[in-house]
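>>> Sequence and computational prediction follow.
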Amino acid sequence: MNTKEYISEHQDRFLNELFSLIRIPSVSAHVHRQPELQQCAAQWQKLLLEAGADTVQIIPTKGNPVVFATKTLDSSYPTIMVYGHYDVMPAEPLELWTTPPFEPEIRDGKIFARGADDDKGQSFMHAKAFEYLVRSKQLKCNVKFLLEGEEEIGSPSLEVFCAENKELLQCDMILVSDTSMLSADTPSITTGLRGLAYWQIEVTAASRDLHSGIFGGAVANPIMELSKILAQLTNAEGQITIPHFYDDVEEVSDYERSLIVQIPFNEEEYKRNLNISQVYGEKGYSTIERTGIRPALDICGIWGGYTGEGSKTVLPSKAFAKLSARLVPHQQYEKIARLVAEHLRAIAPEHIDIKITTLHGAESYVCPIDSDAYKAAEKAYTKVFGVKPLPVRRGGSIGVIPIFEKVLNVKPILMGFGLESDAIHSPNENFPLDLFQKGIETIVEFYLTVNSQQ
C-alpha cells in the first residue's frame, strides 16, 4: 500500500486524532492554561506511542514540559529528529471566529481551528508519516520527536533543556514543519528566518485615574504621551529611527536580490487578499525583501483608559504598549533589546515615568541549500508536487531553530506546508486538507530519499 492509499484508508482516524489535540486549548501565553498544556503533552505521548515510537517521555523543564519520543532501529542508520510545538497562540478576539476556535470544523476543504496549521496540524503530519513508514517496514532511520510547549512565548526553557540534554538530542538531521510555502502550486523551502525582540512598555503619569474635567490640561495624559513616543520610532520612509539599530544588518548582495526578484509574487493579489489599497514599508525594497531580508518594528498592542460602553470622563493613570522587532542575520536580539530600551527612556519626557520590560527574543537563522538534508527535502517536494521547490527567506521567527544550530551543531530543514491564507495567529486559522495529505506524502519521500543516500 503506497502512502496516498494509506492516508485515504485512515483519513477519518487521522482527523479524529488531530482533532483530539486541537480541542485542548494549550495556550502558553495564558498562565491559567497550565493544566491544558499538561493534557496536550499527555495526548501527544499517547499518539506517538500508537504511531510506533519505542519510548515517549514527558520531561519537565523550568516551564512547560517537553514531549520526547524515540525509535531506534540500528546504530549505523542516520538519526532524524522532528521538532514541533504543542502550544498555540491565544484565540482572541473570539467574536471574529466563524466557529469556536477549539472546536475544529471542516468546511471548504479546510480544517478551521486554532492550531490547525500552527503547529498541531503540521507537527501531526510527521507523526503520521512516521506511522506509515513503521507499519510498512520502510523506515531505515532512527527517529526522535521533540515537542515543546513554549514556542509561542519564545521557547524560554528550551535552550537550557538542549544544553543539559545534548547526548539525548544527538542527531544527524532536524526536520521542522512550522513555516509556509509560497502557494499551493509553488512549493518552497524556508532557508531563512528573522530574529525577534519583544518588549512591554508602561507609561505612568499620575498615581491614580483622574477626573478629566478637573485635571485635564494640567496633568499629562499617558496614552497621548505614549503615542508620541511610539510615533518617533519610524520615519516617513518606513525606516527605524533608533540609533545604531541598523549597524549589524546584513546587506544582501545584488546577486541574491536578483534571485529574490524571480520569486513568483503577485502584488495585486497580495493586496486583494489583505483588503489593503497599498503595500507599505521601507523605501527601496520590495514586499518580499521587506519581510525576508530587512528588519521591521511593529506595535503589537496598545491600551489604557476607559474602553467600555458609553463614556467615562477619565484621565487615565497608565498606558501600555507591546512592541516587537523582527531582526535579520547578525542582529543580536539582546543588543537590540538594550538599544531600544535605552532609546525609549532617552526620548520619554520628564513629566512621565516609563518602564520597559523585555519579554523574549530569538536570533535569526539561515540554512544552506547544498546539504544532504536540504537536497533530500528538495527531491521530496519535487516528487509530490511535481515542481522543484524554491528556497525562500521568510519573515517569521522560531526561537529554537538557531538554538539547535548553536547547541547541537545541526542546521534544521524547514519543511513547511502552510499558506499565507491559513491565518495563523489570527481568527479563523485553517489548514487545507489537500496540503495536509501532501505534507505527509512529502515527509515520507524525505525519509525514503535519505534511505537511498546511505
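Okay, I see it. Residues are numbered from 1 along each chain as shown.
>>> now the residue nearest to residue 27 when sequence neighbours are not counted: how far from residue 150?
For residue 27, ignoring the flanking residues on the chain, the nearest one in space by CB to CB, 6 or more residues apart in numbering is residue 33 at 4.7 Å. All C-beta atoms are positioned from the backbone trio N, CA, C, and that covers glycine. Per CB to CB, to the nearest Å, residue 33 is found 12 Å from residue 150.
>>> One more: residue 68?
15 Å.
>>> next one: residue 172
For residue 172, the distance to residue 150 - CB to CB - is 26 Å.
>>> one step back: between residue 68 and residue 150, tell me which one has more neighbours.
residue 150 (26 against 23; other CB atoms under 10 Å).
>>> list the helices and strands the longest helix along the chain packs on?
Identified as the longest helix of the chain according to DSSP state H is helix 433-453. The contact analysis (3 or more CB pairs under 8 Å, 6 or more residues apart in numbering; DSSP states H and E) places helix 433-453 against helix 3-9, strand 110-112, helix 120-135, strand 173-176, helix 372-385.
>>> Kindly format the C-alpha coordinates of it as PDB.
What follows is helix 433-453, C-alpha atoms only, in PDB (Å, rounded to 0.1, in the frame of the first residue of the first chain):
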ATOM      1  CA  LEU A 433      -6.800  19.100   3.700                       C
ATOM      2  CA  ASP A 434      -5.000  18.500   0.400                       C
ATOM      3  CA  LEU A 435      -1.800  20.100   1.800                       C
ATOM      4  CA  PHE A 436      -2.200  18.000   5.000                       C
ATOM      5  CA  GLN A 437      -2.200  14.900   2.800                       C
ATOM      6  CA  LYS A 438       0.700  16.200   0.500                       C
ATOM      7  CA  GLY A 439       2.700  17.100   3.600                       C
ATOM      8  CA  ILE A 440       2.500  13.500   4.900                       C
ATOM      9  CA  GLU A 441       3.500  12.200   1.400                       C
ATOM     10  CA  THR A 442       6.400  14.700   1.200                       C
ATOM     11  CA  ILE A 443       7.800  13.800   4.600                       C
ATOM     12  CA  VAL A 444       7.600  10.100   3.700                       C
ATOM     13  CA  GLU A 445       9.500  10.800   0.500                       C
ATOM     14  CA  PHE A 446      12.100  12.700   2.500                       C
ATOM     15  CA  TYR A 447      12.800   9.600   4.600                       C
ATOM     16  CA  LEU A 448      12.900   7.400   1.500                       C
ATOM     17  CA  THR A 449      15.400   9.700  -0.100                       C
ATOM     18  CA  VAL A 450      17.600   9.700   3.000                       C
ATOM     19  CA  ASN A 451      17.400   5.900   2.800                       C
ATOM     20  CA  SER A 452      18.700   6.000  -0.800                       C
ATOM     21  CA  GLN A 453      21.600   8.300   0.200                       C
END
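>>> Could I get the average pLDDT for that helix?
Helix 433-453 shows a mean pLDDT of 96.
>>> Name the residues of that helix that come out as buried.
433, 435-451 (16 or more other CB atoms under 10 Å).
>>> What segments of this protein are helices?
3-9, 11-22, 34-51, 120-135, 158-164, 212-215, 222-231, 254-261, 267-274, 287-292, 333-347, 372-385, 400-403, 433-453.
>>> export those to TSV and tack on distance to residue 102?
Formatted as TSV, the helices of the chain follow (distance: least, CB to CB, whole Å):
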stretch	distance to residue 102
helix 3-9	25
helix 11-22	7
helix 34-51	9
helix 120-135	11
helix 158-164	25
helix 212-215	40
helix 222-231	33
helix 254-261	38
helix 267-274	26
helix 287-292	29
helix 333-347	31
helix 372-385	31
helix 400-403	25
helix 433-453	18
